[in-house]
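Colleague: The following block contains a protein sequence and its predicted model.
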Amino acid sequence: MTVAVVQFGGSNCDRDTVQALSALGVDATRVWHEDGLPADTTGIVLPGGFSYGDYLRAGAMAARSPVMDAVRTAADAGTPVLGICNGAQIGCEASLTPGAFAVNRSARFRCEHVHLRVENADTPWTRAYEPGAVLEFPVAHGEGRYEPGSDGLEELVAADRILFRYCDPAGRVTEAANPNGSAGNVAGIVGEHDHVAVMMPHPERVSLPDIGPTDGRGVLQAFT
Amino acid sequence: MTGYTATVTVRLEQGVLDPEAETTRRALERLGFELSDLRAADSFEIDIEADSVADARERVTEMTEQLLANPTLHDYEIEVEQR
(Lines give C-alpha, C1' and ligand atoms only; values in the text may rest on other atoms or scores of the structure.)
Protein backbone atom coordinates (compact mmCIF):
# COMPACT_ATOMS: atom_id res chain seq x y z
CA MET A 1 0.00 0.00 0.00
CA THR A 2 2.25 2.76 -1.18
CA VAL A 3 2.27 5.60 -3.65
CA ALA A 4 5.35 5.29 -5.82
CA VAL A 5 6.97 8.63 -6.65
CA VAL A 6 9.10 7.69 -9.64
CA GLN A 7 12.49 9.34 -9.65
CA PHE A 8 14.45 9.75 -12.88
CA GLY A 9 17.89 11.27 -13.23
CA GLY A 10 17.11 14.99 -13.05
CA SER A 11 13.82 14.70 -11.12
CA ASN A 12 13.86 17.30 -8.35
CA CYS A 13 10.35 17.42 -6.88
CA ASP A 14 10.29 13.79 -5.74
CA ARG A 15 11.13 14.50 -2.09
CA ASP A 16 8.64 17.39 -1.90
CA THR A 17 5.95 15.12 -3.30
CA VAL A 18 6.64 12.35 -0.79
CA GLN A 19 6.57 14.91 2.02
CA ALA A 20 3.30 16.44 0.84
CA LEU A 21 1.66 13.02 0.53
CA SER A 22 3.00 11.91 3.91
CA ALA A 23 1.52 15.02 5.52
CA LEU A 24 -1.87 13.83 4.26
CA GLY A 25 -1.28 10.44 5.85
CA VAL A 26 -0.56 8.75 2.53
CA ASP A 27 2.19 6.16 2.54
CA ALA A 28 4.52 7.32 -0.23
CA THR A 29 8.00 6.35 -1.26
CA ARG A 30 10.56 7.45 -3.79
CA VAL A 31 11.26 4.78 -6.39
CA TRP A 32 14.32 4.93 -8.64
CA HIS A 33 13.03 4.29 -12.16
CA GLU A 34 15.46 1.45 -12.85
CA ASP A 35 14.18 -0.46 -9.80
CA GLY A 36 10.63 -0.69 -11.19
CA LEU A 37 7.40 -0.24 -9.26
CA PRO A 38 7.00 -1.90 -5.82
CA ALA A 39 4.58 -4.84 -5.80
CA ASP A 40 2.26 -3.00 -3.39
CA THR A 41 1.99 0.15 -5.51
CA THR A 42 -1.46 1.71 -5.08
CA GLY A 43 -0.74 5.02 -6.79
CA ILE A 44 1.94 6.62 -8.96
CA VAL A 45 3.30 10.15 -9.17
CA LEU A 46 5.60 11.27 -11.97
CA PRO A 47 7.20 14.23 -10.20
CA GLY A 48 8.58 17.50 -11.49
CA GLY A 49 12.15 18.22 -12.47
CA PHE A 50 14.31 18.06 -15.53
CA SER A 51 14.57 14.36 -16.32
CA TYR A 52 17.40 13.59 -18.74
CA GLY A 53 18.25 17.29 -18.81
CA ASP A 54 15.15 17.99 -20.96
CA TYR A 55 17.18 16.59 -23.88
CA LEU A 56 15.32 16.36 -27.20
CA ARG A 57 12.01 17.49 -25.66
CA ALA A 58 11.07 17.79 -21.99
CA GLY A 59 9.97 14.34 -20.84
CA ALA A 60 10.79 12.57 -24.11
CA MET A 61 13.51 10.29 -22.73
CA ALA A 62 11.82 9.40 -19.43
CA ALA A 63 8.58 8.62 -21.29
CA ARG A 64 10.39 5.85 -23.13
CA SER A 65 12.19 4.33 -20.16
CA PRO A 66 11.21 0.77 -19.16
CA VAL A 67 9.44 1.80 -15.94
CA MET A 68 6.82 3.55 -18.06
CA ASP A 69 5.60 0.19 -19.40
CA ALA A 70 4.87 -0.75 -15.78
CA VAL A 71 3.20 2.65 -15.22
CA ARG A 72 1.03 2.10 -18.29
CA THR A 73 0.06 -1.41 -17.16
CA ALA A 74 -0.81 -0.11 -13.68
CA ALA A 75 -2.82 2.77 -15.16
CA ASP A 76 -4.73 0.34 -17.40
CA ALA A 77 -5.55 -1.69 -14.28
CA GLY A 78 -7.01 1.38 -12.56
CA THR A 79 -4.09 2.61 -10.45
CA PRO A 80 -4.24 6.41 -10.08
CA VAL A 81 -1.39 8.17 -11.88
CA LEU A 82 -0.55 11.88 -11.56
CA GLY A 83 2.10 13.65 -13.64
CA ILE A 84 3.21 17.02 -12.26
CA CYS A 85 5.18 19.52 -14.38
CA ASN A 86 8.00 17.42 -15.89
CA GLY A 87 5.83 14.45 -14.95
CA ALA A 88 3.03 15.99 -17.04
CA GLN A 89 5.40 16.34 -19.98
CA ILE A 90 6.41 12.69 -19.48
CA GLY A 91 2.75 11.64 -19.29
CA CYS A 92 1.91 13.30 -22.61
CA GLU A 93 5.09 12.04 -24.27
CA ALA A 94 4.12 8.54 -23.09
CA SER A 95 0.57 9.00 -24.45
CA LEU A 96 -0.98 8.44 -21.02
CA THR A 97 -2.73 11.72 -21.77
CA PRO A 98 -3.32 13.38 -25.15
CA GLY A 99 -1.44 16.35 -26.61
CA ALA A 100 1.99 17.75 -25.86
CA PHE A 101 3.68 20.52 -23.91
CA ALA A 102 5.68 22.94 -26.07
CA VAL A 103 7.94 25.91 -25.34
CA ASN A 104 6.16 28.73 -23.48
CA ARG A 105 4.76 31.44 -25.73
CA SER A 106 7.12 33.96 -24.10
CA ALA A 107 10.11 31.64 -24.77
CA ARG A 108 10.96 32.25 -21.11
CA PHE A 109 11.02 30.05 -18.05
CA ARG A 110 8.03 31.07 -15.90
CA CYS A 111 8.36 30.67 -12.15
CA GLU A 112 5.49 32.32 -10.30
CA HIS A 113 2.14 31.78 -8.61
CA VAL A 114 -0.85 31.53 -10.92
CA HIS A 115 -4.60 31.14 -10.44
CA LEU A 116 -6.46 28.06 -11.59
CA ARG A 117 -10.17 27.58 -12.10
CA VAL A 118 -11.59 24.16 -11.37
CA GLU A 119 -13.34 23.06 -14.56
CA ASN A 120 -14.43 19.54 -13.70
CA ALA A 121 -14.87 18.86 -9.98
CA ASP A 122 -16.07 15.31 -10.56
CA THR A 123 -12.68 13.59 -10.76
CA PRO A 124 -10.49 12.04 -8.06
CA TRP A 125 -8.11 15.02 -8.45
CA THR A 126 -10.68 17.77 -8.05
CA ARG A 127 -13.36 16.22 -5.85
CA ALA A 128 -12.12 18.28 -2.90
CA TYR A 129 -12.98 21.52 -4.71
CA GLU A 130 -16.17 23.26 -5.77
CA PRO A 131 -16.75 23.57 -9.53
CA GLY A 132 -15.45 26.98 -10.62
CA ALA A 133 -13.34 27.40 -7.46
CA VAL A 134 -10.28 29.61 -7.93
CA LEU A 135 -7.04 28.19 -6.52
CA GLU A 136 -3.52 29.56 -6.27
CA PHE A 137 -0.70 27.23 -7.38
CA PRO A 138 2.93 27.79 -8.32
CA VAL A 139 4.25 27.01 -11.80
CA ALA A 140 7.90 26.65 -12.77
CA HIS A 141 8.47 25.59 -16.36
CA GLY A 142 9.89 26.53 -19.73
CA GLU A 143 7.82 24.06 -21.75
CA GLY A 144 4.28 24.27 -20.45
CA ARG A 145 2.29 25.46 -23.45
CA TYR A 146 -0.36 22.83 -23.90
CA GLU A 147 -0.86 21.85 -27.54
CA PRO A 148 -3.78 19.45 -27.87
CA GLY A 149 -3.21 18.71 -31.56
CA SER A 150 -5.81 19.24 -34.25
CA ASP A 151 -9.41 19.16 -32.92
CA GLY A 152 -7.96 18.06 -29.58
CA LEU A 153 -9.25 20.95 -27.50
CA GLU A 154 -12.86 20.58 -28.66
CA GLU A 155 -12.69 16.86 -27.90
CA LEU A 156 -11.29 17.50 -24.43
CA VAL A 157 -13.99 20.06 -23.71
CA ALA A 158 -16.74 17.79 -25.05
CA ALA A 159 -15.52 14.89 -22.90
CA ASP A 160 -15.10 17.16 -19.85
CA ARG A 161 -11.45 16.15 -19.47
CA ILE A 162 -10.06 19.56 -18.49
CA LEU A 163 -9.27 19.72 -14.76
CA PHE A 164 -8.00 23.29 -14.49
CA ARG A 165 -7.64 26.40 -16.61
CA TYR A 166 -5.34 29.34 -15.89
CA CYS A 167 -7.45 32.32 -14.82
CA ASP A 168 -7.24 35.70 -13.11
CA PRO A 169 -7.94 36.07 -9.36
CA ALA A 170 -11.64 36.54 -10.14
CA GLY A 171 -11.78 33.28 -12.09
CA ARG A 172 -11.89 34.86 -15.53
CA VAL A 173 -10.04 32.79 -18.15
CA THR A 174 -8.08 35.48 -19.99
CA GLU A 175 -5.02 35.66 -22.22
CA ALA A 176 -3.27 37.82 -19.60
CA ALA A 177 -3.73 35.08 -16.99
CA ASN A 178 -2.23 32.43 -19.27
CA PRO A 179 1.44 32.04 -18.22
CA ASN A 180 2.56 29.93 -21.17
CA GLY A 181 0.14 30.30 -24.06
CA SER A 182 -1.61 26.97 -23.46
CA ALA A 183 -4.53 26.29 -25.80
CA GLY A 184 -7.75 27.16 -23.97
CA ASN A 185 -5.66 28.17 -20.91
CA VAL A 186 -5.49 24.44 -20.10
CA ALA A 187 -3.38 23.72 -17.00
CA GLY A 188 -4.32 20.11 -16.33
CA ILE A 189 -6.24 17.29 -18.00
CA VAL A 190 -7.22 13.69 -17.45
CA GLY A 191 -6.46 10.80 -19.76
CA GLU A 192 -8.95 8.45 -21.33
CA HIS A 193 -10.04 7.56 -17.80
CA ASP A 194 -10.10 10.10 -15.04
CA HIS A 195 -7.75 8.24 -12.69
CA VAL A 196 -4.85 9.35 -14.92
CA ALA A 197 -4.06 13.06 -14.87
CA VAL A 198 -1.31 15.52 -15.76
CA MET A 199 -0.90 19.14 -14.74
CA MET A 200 1.86 21.75 -15.06
CA PRO A 201 1.20 23.60 -11.73
CA HIS A 202 2.67 22.07 -8.57
CA PRO A 203 0.12 20.86 -5.97
CA GLU A 204 2.89 19.45 -3.76
CA ARG A 205 4.32 22.96 -3.31
CA VAL A 206 1.08 24.28 -1.80
CA SER A 207 0.28 21.42 0.53
CA LEU A 208 2.18 21.97 3.77
CA PRO A 209 0.47 24.35 6.24
CA ASP A 210 3.79 25.17 7.91
CA ILE A 211 5.11 26.88 4.80
CA GLY A 212 2.02 28.59 3.41
CA PRO A 213 -1.28 28.02 1.63
CA THR A 214 -2.59 24.51 1.06
CA ASP A 215 -4.69 24.77 -2.11
CA GLY A 216 -2.81 21.80 -3.58
CA ARG A 217 -3.90 19.29 -0.98
CA GLY A 218 -7.15 18.59 -2.79
CA VAL A 219 -5.31 17.17 -5.79
CA LEU A 220 -3.15 14.87 -3.68
CA GLN A 221 -6.17 13.69 -1.69
CA ALA A 222 -6.95 11.49 -4.70
CA PHE A 223 -4.39 9.11 -3.17
CA THR A 224 -6.01 8.98 0.27
CA MET B 1 25.42 -4.72 -45.47
CA THR B 2 26.24 -1.20 -46.55
CA GLY B 3 26.90 1.89 -44.47
CA TYR B 4 24.32 4.68 -44.78
CA THR B 5 23.87 8.07 -43.21
CA ALA B 6 20.29 9.16 -42.68
CA THR B 7 19.58 12.80 -42.04
CA VAL B 8 16.33 13.35 -40.13
CA THR B 9 14.90 16.86 -40.08
CA VAL B 10 12.19 17.42 -37.47
CA ARG B 11 10.24 20.66 -37.51
CA LEU B 12 7.07 22.00 -35.93
CA GLU B 13 3.98 21.49 -38.04
CA GLN B 14 2.85 24.54 -39.91
CA GLY B 15 0.71 26.69 -37.66
CA VAL B 16 2.30 25.54 -34.39
CA LEU B 17 3.77 28.54 -32.60
CA ASP B 18 7.58 28.50 -32.32
CA PRO B 19 8.60 31.13 -29.74
CA GLU B 20 12.31 30.32 -30.05
CA ALA B 21 12.28 30.88 -33.81
CA GLU B 22 10.31 34.09 -33.29
CA THR B 23 12.85 35.32 -30.73
CA THR B 24 15.71 34.45 -33.10
CA ARG B 25 14.01 36.31 -35.94
CA ARG B 26 13.59 39.42 -33.80
CA ALA B 27 17.24 39.24 -32.72
CA LEU B 28 18.36 39.14 -36.36
CA GLU B 29 16.18 42.16 -37.09
CA ARG B 30 17.73 44.01 -34.15
CA LEU B 31 21.10 43.33 -35.76
CA GLY B 32 19.87 45.16 -38.84
CA PHE B 33 19.05 42.20 -41.09
CA GLU B 34 15.89 42.17 -43.15
CA LEU B 35 14.00 38.88 -43.37
CA SER B 36 10.42 37.81 -44.00
CA ASP B 37 10.29 34.79 -41.71
CA LEU B 38 12.45 32.27 -39.90
CA ARG B 39 11.74 28.64 -39.11
CA ALA B 40 13.87 26.45 -36.85
CA ALA B 41 14.30 22.69 -37.18
CA ASP B 42 16.22 19.92 -35.46
CA SER B 43 18.51 17.79 -37.57
CA PHE B 44 19.81 14.33 -36.64
CA GLU B 45 22.45 12.40 -38.58
CA ILE B 46 22.22 8.66 -38.02
CA ASP B 47 24.85 6.22 -39.29
CA ILE B 48 23.55 2.67 -39.77
CA GLU B 49 24.41 -0.53 -41.56
CA ALA B 50 21.54 -1.75 -43.75
CA ASP B 51 20.77 -4.06 -46.68
CA SER B 52 19.49 -1.26 -48.88
CA VAL B 53 18.42 2.38 -48.92
CA ALA B 54 14.84 1.22 -48.39
CA ASP B 55 15.84 -0.86 -45.37
CA ALA B 56 17.80 2.05 -43.90
CA ARG B 57 14.89 4.41 -44.48
CA GLU B 58 12.40 2.03 -42.88
CA ARG B 59 14.45 1.66 -39.73
CA VAL B 60 15.17 5.36 -39.41
CA THR B 61 11.48 6.14 -39.95
CA GLU B 62 10.70 3.86 -37.02
CA MET B 63 13.30 5.66 -34.87
CA THR B 64 11.82 9.02 -35.82
CA GLU B 65 8.25 8.03 -35.09
CA GLN B 66 9.11 6.38 -31.78
CA LEU B 67 11.35 9.11 -30.38
CA LEU B 68 12.81 11.89 -32.52
CA ALA B 69 9.49 13.49 -33.52
CA ASN B 70 6.31 14.00 -31.51
CA PRO B 71 3.38 13.44 -33.88
CA THR B 72 1.26 16.03 -32.01
CA LEU B 73 3.75 18.77 -32.85
CA HIS B 74 6.08 17.75 -35.64
CA ASP B 75 6.55 16.95 -39.31
CA TYR B 76 9.73 15.22 -40.42
CA GLU B 77 11.79 14.47 -43.50
CA ILE B 78 14.37 11.72 -43.93
CA GLU B 79 17.19 11.67 -46.47
CA VAL B 80 19.39 8.59 -46.81
CA GLU B 81 22.80 8.53 -48.45
CA GLN B 82 25.39 5.81 -48.82
CA ARG B 83 28.43 6.54 -46.68
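Modeller: Cool, the structure landed. Because the structure is a prediction, the values reported are computed rather than measured.
Colleague: tell me the pLDDT at the residue sitting furthest away from the middle of chain B?
Modeller: Residue farthest from the centre of chain B, counting by Cα atoms, centre = their mean, is B:Gly32 at 28.2 Å. We note a pLDDT of 98 for B:Gly32 in this prediction.
Colleague: separation between it and chain A?
Modeller: Relative to chain A, B:Gly32 is positioned 21 Å away (Cβ to the nearest Cβ, to the nearest Å). The C-beta positions use only the backbone N, C-alpha and C, and glycine is treated the same way.
Colleague: now the strands for chain A?
Modeller: Per DSSP state E, chain A carries strands over the ranges A:2-7, A:28-32, A:41-46, A:81-84, A:100-102, A:110-118, A:134-141, A:145-147, A:162-167, A:186-190, A:196-199.
Colleague: Give the burial count for whichever residue of chain B sits closest to chain A, as a bare number.
Modeller: Per Cβ to the nearest Cβ, B:Pro19 is where chain B lies closest to chain A, at 3.7 Å. Other residues lying near B:Pro19 total 17 when counted by other Cβ atoms under 10 Å in any protein chain shown.
Colleague: likewise B:Glu45?
Modeller: Residues near B:Glu45, counting by other Cβ under 10 Å, number 9.
Colleague: and the nearest residue to it once chain neighbours are set aside, which of the three is it?
Modeller: Nearest non-adjacent residue to B:Glu45, counting by Cβ to Cβ, 6 or more residues apart in numbering or on different chains: B:Thr7, 5.4 Å away. Three-state assignment for B:Thr7 (DSSP: H, G, I helix; E, B strand; the rest coil): strand.
Colleague: B:Thr7 touches B:Arg83, doesn't it?
Modeller: No: counting by Cβ atoms under 8 Å, B:Arg83 is not a contact partner of B:Thr7; they are 11.8 Å apart.
Colleague: need the residues of chain B near chain A, please.
Modeller: B:12, B:16-20, B:22-23, B:66-68, B:70, B:72-73 (Cβ under 8 Å from any Cβ of the partner chain).
Colleague: Where neighbours are concerned, which of those residues has the most?
Modeller: Going by other Cβ under 10 Å, B:Asn70 tops the residues of chain B next to chain A with 23 neighbours.
Colleague: can you tell me which residues contact that residue?
Modeller: A:Arg57, A:Ala60, A:Glu93, A:Ala100 (Cβ atoms under 8 Å, 6 or more residues apart in numbering or on different chains).
Colleague: In this structure the third one contacts A:Gly87, no?
Modeller: No: with contact defined as Cβ under 8 Å, A:Glu93 does not count as touching A:Gly87 (10.5 Å).
Colleague: Looking at those two, which has the bigger crowd around it?
Modeller: A side-by-side neighbour count of A:Glu93 and A:Gly87, using other Cβ under 10 Å, places A:Gly87 first with 31 against 25.
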